[in-house]
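In: predicted model and sequence follow; I will ask about them next.
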Amino acid sequence: MAQVDLTYINQLKKGDTIANDIYFNDILLVKKGTIVNNSLLRNLESWGIANLHTKHDKRTVKHKEKIFYSKELFDLKELFYESLQYVVSEARYGLILNSDAQLAWIEHLFISSLLDARISASLFSLKKKDPYSYFHSFDVFLLGALLARDSGIKDIKSFAIGCLIYDIGKLKINKELLQKDGTLSKTEYEEIQKHTLYGLDVLKEINLPSKYEELVKSHHERLDGTGYPEGVTGESLSEEVRLLAVVDTYSALTLQRPYRRTPFSSLKAIELLLSKENKYDIKYVINLMELINIYPKGSLVKLSNGKRARVKEVNENQPYFPILEDIDSSEVFELPLNLSTSIVRFLEWSHIVDVKPDEDISKKEIYWNYFITEFINGNVDEAMTYFPMITEGMLSNNIFIDVIIRLIKEVETKRIEGQLSIGEEHDALLNVKDILKHVI
Ligand SMILES: [Fe+2]
Ligand SMILES: [Fe+2]
């Protein structure tokens, strides 16, 4: 007979056998009978598990390592496409996900985020408890990550994970209350609001780092101090949480919710956000409009041919193909379906004026910065997710000079400026051969 012992995590050895199933909120994290290996040791530690039961019986120890988490239990790719189908429609996303490069980038980000079992376990619990809350979080993740990337937010991966789990406090709210149809009483509303603070408890329980705390706690705060839980004002809110507030509101207004009234059209939601500049950071509302290419009637916009036009009419089913009026010639026209001419910038609407400098900020330069940062950090796979975006429209003959030579030169400059040591420069340059594989 095998002997079952209570073993503290720091006494656990490779080859021990887990005696009982380990769950987090109904999700099986580790199956009983799993043999302890190095990665399981690391994960148990990161989940904050202090002790567990192990079996000590040489006959039961088989030297076959099991995959212990989501990869085997759930097919993440399938989940990504299931979720995509639920949330994405052209009326809400415009044409952004029609591009293979964008889709590949966001799929990679989703799967790599969920390989952390603490993230996947929390999300599966949320999906099981209240599917709408899960799909809403997925929606916020998609739009949030794309918008953060275009807005130059530094740590995209952490922000994207934050977008997946910012509402995780809903795990501690009663299911009937979460799904209640109709008006909430004052007490019920106060309880719902507590999901921001409950979220902090969940972060601690699953041992996630404190960098996610602000997104979880403060995403319902508003610039004018009318939000919750603390009613703080704009000065104390980071760029990341301001961006999240915009995307969270857009998603909540426009995503179809089971058994609830018809949601807002994306156009109405954008108009509402624009009209609340005292509550939402307007630069992220503008960036969101430019991301999904949806501009309300009356907007002044800049076209890819350099002209300026006024939006005359918007069809709610195809808001990204508005009817426009040329400012100089007063000619009224529709955007061509092949988008040979497109809107590249929002300039103004009502009294809202975009404060970005007049020259177009090159998205390619923003993508280039992410590319080189990931590359220097040794994350070649992550760097390569930006490759299609930085080489889009480039002749293949030019890729060598415009990407490879530029990369080598910039790495050298960073070493000269003291941002990289000689050793780090050497390691980075060794990775150039991995990039070359995609060029030659
Ligand atoms: Fe929330
Ligand atoms: Fe939310």
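Out: That came in fine, so what should we check first? Ligands and ions are numbered 1, 2, ... in the order given.
In: against ligand 2, how distant is Gly169?
Out: With distances taken as Cβ to the ion, to the nearest Å, Gly169 is found 10 Å from ligand 2. To be clear about C-beta, it is placed using only N, CA and C from the backbone, and glycine gets the same treatment.
In: so that residue makes contact with Gln193?
Out: No - in this structure Gly169 lies outside contact range of Gln193 using Cβ atoms under 8 Å: 9.9 Å.
In: any residues in contact with both of these two?
Out: Here Gly169 and Gln193 share no contacting residue, scored by Cβ atoms under 8 Å, 6 or more residues apart in numbering.
In: those two: who's more crowded?
Out: Gly169 (22 against 16; other Cβ atoms under 10 Å).
In: how about the more buried one, phi and psi?
Out: Main-chain dihedrals, Gly169, degrees, to the nearest 10: phi -60, psi -20.
In: equivalent analysis for Ile323, please.
Out: Note on Ile323: backbone dihedrals following degrees, to the nearest 10 are phi -90, psi 130.
In: tell me the contacts of it?
Out: Neighbour list for Ile323: Val311, Lys312, Glu313, Val314, Val332, Phe333, Glu334 [criterion: Cβ under 8 Å, 6+ apart].
In: who is it paired with across the strands?
Out: Residues in a beta bridge with Ile323, per DSSP bridges, are Glu313, Glu334.
In: just the buried members of the contacts of Ile323?
Out: Among the contacts of Ile323, those classed as buried by 16 or more other Cβ atoms under 10 Å are Val311, Val314.
In: just the contacts of Ile323 now: which is nearest ligand 2?
Out: Set against ligand 2, the nearest of the contacts of Ile323 by Cβ to the ion is Val314 (26.3 Å).
In: enumerate every residue touching that closest one.
Out: Per Cβ under 8 Å, 6+ apart, neighbours of Val314: Leu267, Ile294, Tyr295, Pro296, Lys297, Pro322, Ile323.
In: now the buried members of those.
Out: Buried residues within these, counting neighbours by 16+ other Cβ under 10 Å: Leu267, Ile294, Tyr295, Pro296, Pro322, Ile323.
In: which of those sits closest to Phe371?
Out: Distance ranking of the buried ones among the contacts of Val314 against Phe371, using Cβ to Cβ, places Ile294 first at 28.1 Å.
In: pLDDT score assigned to the closest one?
Out: Looking at Ile294, its pLDDT is 94.
In: now Ala101
Out: 86.
In: walk me through the domains of this structure.
Out: 3-68, 76-263, 295-353, 363-436 (automatic domain parsing).
In: so Glu410 is in contact with Phe375, correct?
Out: No - the criterion here is Cβ under 8 Å, and Glu410 misses it with Phe375 at 9.4 Å.
In: those two - which one has more neighbours?
Out: Legend: neighbour count by other Cβ under 10 Å for Glu410 and Phe375, higher for Phe375 (22 against 15).
In: look up the closest residue to Phe110, ignoring the ones flanking it.
Out: Leaving aside its sequence neighbours, Phe110 sits nearest to Phe80 (Cβ to Cβ, 6 or more residues apart in numbering; 5.1 Å).
In: distance check, that neighbour against Asn377.
Out: Here the criterion is Cβ to Cβ, to the nearest Å. By it, Phe80 lies 24 Å from Asn377.
In: and Asp434, what does it touch?
Out: Val380.
In: surely Ser137 touches Gly162?
Out: No - taking contacts as Cβ under 8 Å, Ser137 lies outside contact range of Gly162: 10.5 Å.
In: got the phi/psi numbers for Ser137?
Out: According to degrees, to the nearest 10, Ser137 has phi -60, psi -40.
In: could you give the number of residues near it?
Out: Ser137: 26 neighbours (other Cβ under 10 Å).
In: that one: what's it in contact with?
Out: Leu123, Leu126, Cys163, Leu164, Ile165, Tyr166, Asp167.
In: now do the SS call for the fourth one.
Out: Right, the one you point to is Leu164. Put simply, Leu164 is helix when judged by DSSP: H, G, I helix; E, B strand; the rest coil.
In: can you map out the strands along the stretch 201-350 of the chain?
Out: Assigned by DSSP state E, counting those that start in this stretch, the stretch 201-350 of the chain shows strands spanning 300-303, 308-313, 323-326, 332-334, 343-349.
In: how far away is the residue nearest to Phe375 when sequence neighbours are not counted from ligand 2?
Out: With Cβ to Cβ, 6+ apart as the criterion, Phe375 has its nearest non-adjacent residue at 4.1 Å, and that residue is Ala383. Distance from Ala383 to ligand 2, counting by Cβ to the ion: 31 Å.
In: ok, now Gly15?
Out: Between Gly15 and ligand 2 the distance, using Cβ to the ion, works out to 44 Å.
In: cool, and Arg310?
Out: From Arg310 over to ligand 2 the distance is 34 Å, taken as Cβ to the ion.
In: check what pLDDT that residue gets.
Out: At Arg310, the model reports a pLDDT of 97.
In: so how far is Asp139 from the closest residue to ligand 2 within the stretch 51-200 of the chain?
Out: Residue of the stretch 51-200 of the chain nearest ligand 2, by Cβ to the ion: Asp167 (4.5 Å). Asp167 sits 11 Å away from Asp139, going by Cβ to Cβ.
In: that older thread, how about the strands of the stretch 201-350 of the chain in CSV, adding distance to Ile422?
Out: Output for those, formatted as CSV (distance: least, Cβ to Cβ, whole Å):
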stretch, distance to Ile422
strand 300-303, 46
strand 308-313, 51
strand 323-326, 55
strand 332-334, 58
strand 343-349, 42
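In: closest one to Tyr132 among the ones you listed?
Out: So among these, strand 343-349 is nearest, using Cβ to Cβ, at 30.8 Å.
In: could you give the separation of stretch 159-166 from the chain centroid?
Out: Stretch 159-166 sits 6 Å away from the centroid of its parent chain (Cα atoms, centre = their mean, to the nearest Å).
In: please list the outside residues in contact with it.
Out: Here stretch 159-166 makes contact (Cβ under 8 Å, 6+ apart) with 109, 113, 116, 119, 122-123, 137-138, 140-141, 144-145, 148, 153, 199, 203, 208, 211-212, 215-216, 219, 240, 243-244, 247-248.
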